[in-house]
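Peer 1: from the sequence below, what's the structure:
(2 chains)
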Amino acid sequence: MKAAALAVLVMLAQAPAAPTPGESPYRAAARLPVRITTFTVEPTTIQPGESVTLVWAAENPTSITIDALGRVAPRGRRTLTPGVTTTYTLSVTGAGNTADKRTVTVVVAGTMPGASAADASATGTKKAVPRTADGKPDLSGVYGYGAGGGGRGAPPPVAAGGLPTTPTLKPGAEKYKVVRAADDTGLYSTCLPPGIPQTFFVPYYIQIVQAPKHLVVAHEYLNLFRIIPTDGRPHPADPDPSWMGNPVARWEGDTLVVDSIGFNDKTEINGYRHTEKLHVVERFSRPDFDTLQYEATIEDPNVFAGPWVIKRSFPFLPEYDQINEFVCENNRDYKPLFGNK
Amino acid sequence: MNAMNTKNKTLAACFVVLSLVSAAGPVFAHHSTAMYDMANPVTVTGTVKRFEWTNPHAFIFIDVKDEKGNVVEWEIELMSLNHLRSYGWVRDTVKSGDQISCTGGRAKSGAASMISAMIKLPDGREIKS
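Peer 2: Numbering: from 1, shown residues only, chains lettered A, B, ... in the order given. A predicted model of the protein is given here:
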């Protein structure tokens, strides 16, 4: 056993990414260097008008680009039809300023080498926000999880418009503050919908599909979705209480304003329960090509002293075109892992 | 079994609390890691039986030989698919029969179950998990 322990220690000494005593293994894993494992083009010589297939793979990247394509997923393949002899460059960066770069060249018979067609994101030119046929900003796309408030430092105490970014409980409403036991693994370890706006605050992607009269917001988390009418219609007279609420929307300039009522009282918002009187107004906008801005104004006259605001921004992910399947029945029962009697 | 686990439960509890309040910590998918001992990382080496490429979390099941030579099945929990894809994973990054080493936190209960933060693949490549 001593020898085995020694062997483990030797292994740790040789592996710079291994956690030091007491260090979180995630912190140690964040030191793993980036590398390119595959970058090929087939075929390498073509006639004008023919196509080639680029295939690439990288591990532990924090950013990954191909000069002709801009940002790409860590693994992918793409068919291209270069007009002239072209060199493609795959560049990756990772932890601790590690970087890797590889090039492949396609010879197009009878042509001179040209610069590879760098896209807007590679040259630093800002792409314009896309618009739909009716002139509205097109919010469609896959977005990563949010920044701004929560884990990365406290939000500013007052949002634009003068509303607070933290709630004040109404006198007598203290019971709505959530207190968790030490072995409670949290709101997200059940398979129940977190409701609105909380479903936006999990580390899973979201996908928006914008149609002329509806906005579909699909969350990878639990594969929850809302089909939101955007034609300005009113709420139904008395919507049934539900996990995700009853949403109706209208455009205010370039901002889509989604008004939701008809919630059940089973969800939480940033550590507070609420009643069926919950009213949430969400504002979706795309201030630039790379960003979905999200703001939720929360009211519940039974719980909060007044309305308050949560703001997040979600990065547009051009390298992904579909969120993943999510089957919560695959969830494990984590309680036994605590070993509590 | 290549497991290193000092038994300082008090320290472990402190570090779990610290990791929960640390703004610099990783973003955890789906649930907290409070049921795993993240302050005393272990490395477990074994042979892959199967790889479940699923949300909310991916899982690898490996056969690990303990000190007496008995084979114990370990359940290795990984991040969610969107995290794994961003690290460069695909559904056949590990295959049945592969010898891999997983580094992470073991279940506080002592069960053969852990959450893995990084995995060493058969050719020695290490990848976040």
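Peer 1: so A:V248, which of the three states?
Peer 2: Following DSSP: H, G, I helix; E, B strand; the rest coil, the label given to A:V248 is strand.
Peer 1: show me what contacts A:F314?
Peer 2: By C-beta atoms under 8 Å, 6 or more residues apart in numbering or on different chains, A:F314 lies in contact with A:Y143, A:G144, A:Y145, A:G146, A:A147, A:F200, A:I206, A:T291, A:L292, A:Y294. No exception for glycine: its C-beta is placed from N, CA and C like everyone else's.
Peer 1: and of those residues, the nearest to A:M244?
Peer 2: Looking at those and their distance to A:M244, the nearest is A:F200, at 11.5 Å (C-beta to C-beta).
Peer 1: returning to that earlier point: could you list which of the contacts of A:F314 also contact chain B?
Peer 2: The subset of the contacts of A:F314 within reach of chain B, by C-beta under 8 Å from any C-beta of the partner chain, is A:Y145.
Peer 1: give me the spatial nearest neighbour of residue 74, chain neighbours excluded.
Peer 2: Since no chain was named, I'll use chain A. B:G88 (4.2 Å; C-beta to C-beta, 6 or more residues apart in numbering or on different chains).
Peer 1: oops, I was thinking of chain B
Peer 2: B:W74 sits nearest to B:A112 (C-beta to C-beta, 6+ apart), 4.6 Å away.
Peer 1: in this structure that neighbour contacts B:E73, no?
Peer 2: Yes - with contact defined as C-beta atoms under 8 Å, B:A112 reaches B:E73; the gap is 6.5 Å.
Peer 1: shared neighbours of those two, anything?
Peer 2: With C-beta under 8 Å, 6+ apart as the test, B:A112 and B:E73 both reach B:V64.
Peer 1: ok so, going back, I'd say the residue nearest to A:P74 and A:V72 touch.
Peer 2: No - counting by C-beta under 8 Å, B:G88 does not reach A:V72; the two are 11.9 Å apart.
Peer 1: I'd like to know how far B:A58 sits from A:L222.
Peer 2: Distance, B:A58 to A:L222, by C-beta to C-beta, to the nearest Å: 17 Å.
Peer 1: neighbour count winner among these two?
Peer 2: The neighbour comparison of B:A58 against A:L222 (other C-beta atoms under 10 Å in any protein chain shown) goes to B:A58, with 25 against 21.
Peer 1: and that one, its phi and psi?
Peer 2: Dihedral pair for B:A58: phi -90, psi 150, per degrees, to the nearest 10.
Peer 1: report the contact partners of the closest residue to it other than its chain neighbours.
Peer 2: Residue nearest to B:A58 in three dimensions, not counting chain neighbours: B:L78, with 4.2 Å by C-beta to C-beta, 6+ apart. B:L78 sits next to B:H57, B:A58, B:F59, B:I60, B:L84, B:I115, B:S116, B:I119, B:S129 when contact means C-beta under 8 Å, 6+ apart.
Peer 1: in CSV, list these along with pLDDT and secondary structure.
Peer 2: Supplementary listing: these in CSV, determined by pLDDT from 0 to 100; DSSP: H, G, I helix; E, B strand; the rest coil:
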residue, pLDDT, secondary structure
B:H57, 90, coil
B:A58, 94, coil
B:F59, 95, strand
B:I60, 97, strand
B:L84, 96, helix
B:I115, 96, strand
B:S116, 97, strand
B:I119, 98, strand
B:S129, 96, coil
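Peer 1: between those residues, which sits nearest B:G97?
Peer 2: B:G97 lies nearest to B:I60 out of the contacts of B:L78, by C-beta to C-beta, at 12.3 Å.
Peer 1: what about the closest residue to A:Y272 other than its chain neighbours, neighbour count?
Peer 2: Excluding the flanking residues, the one nearest A:Y272 by C-beta to C-beta, 6+ apart is A:Y176, at 5.4 Å. Here the number of neighbours of A:Y176 (other C-beta under 10 Å) works out to 21.
Peer 1: who's in contact with A:Y176?
Peer 2: A:L169, A:Y272, A:R273, A:H274, A:V303.
Peer 1: mind checking pLDDT for A:A182?
Peer 2: For A:A182, the model assigns a pLDDT of 78.
Peer 1: so the closest residue to it other than its chain neighbours, which state does it fall into?
Peer 2: With sequence-adjacent residues excluded and distances taken as C-beta to C-beta, 6+ apart, A:A182 is closest to B:A34, at 7.1 Å. Secondary structure, three-state DSSP: B:A34 is coil.
Peer 1: you'd agree B:A34 is up against A:S189?
Peer 2: No - the criterion here is C-beta under 8 Å, and B:A34 misses it with A:S189 at 9.8 Å.
Peer 1: more crowded one of the two?
Peer 2: Taking neighbours as other C-beta under 10 Å, B:A34 and A:S189 compare with B:A34 leading, 24 against 19.
Peer 1: can you select the buried ones from the contacts of A:F314 in ChimeraX?
Peer 2: Buried subset of the contacts of A:F314, written as a ChimeraX selection, criterion 16 or more other C-beta atoms under 10 Å in any protein chain shown:
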select /A:143,144,145,146,200,206,291,292,294
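Peer 1: do you know the pLDDT at the nearest residue to A:S189 once chain neighbours are set aside?
Peer 2: Of all residues not flanking A:S189 in the chain, B:H31 sits nearest, at 3.8 Å (C-beta to C-beta, 6+ apart). For B:H31, the pLDDT comes out at 70.
Peer 1: same question for A:A128.
Peer 2: pLDDT, A:A128: 93.
Peer 1: who's in contact with it?
Peer 2: Counting by C-beta under 8 Å, 6+ apart, A:A128 makes contact with A:F289.
Peer 1: distance of it from A:R332?
Peer 2: A:A128 sits 45 Å away from A:R332, going by C-beta to C-beta.
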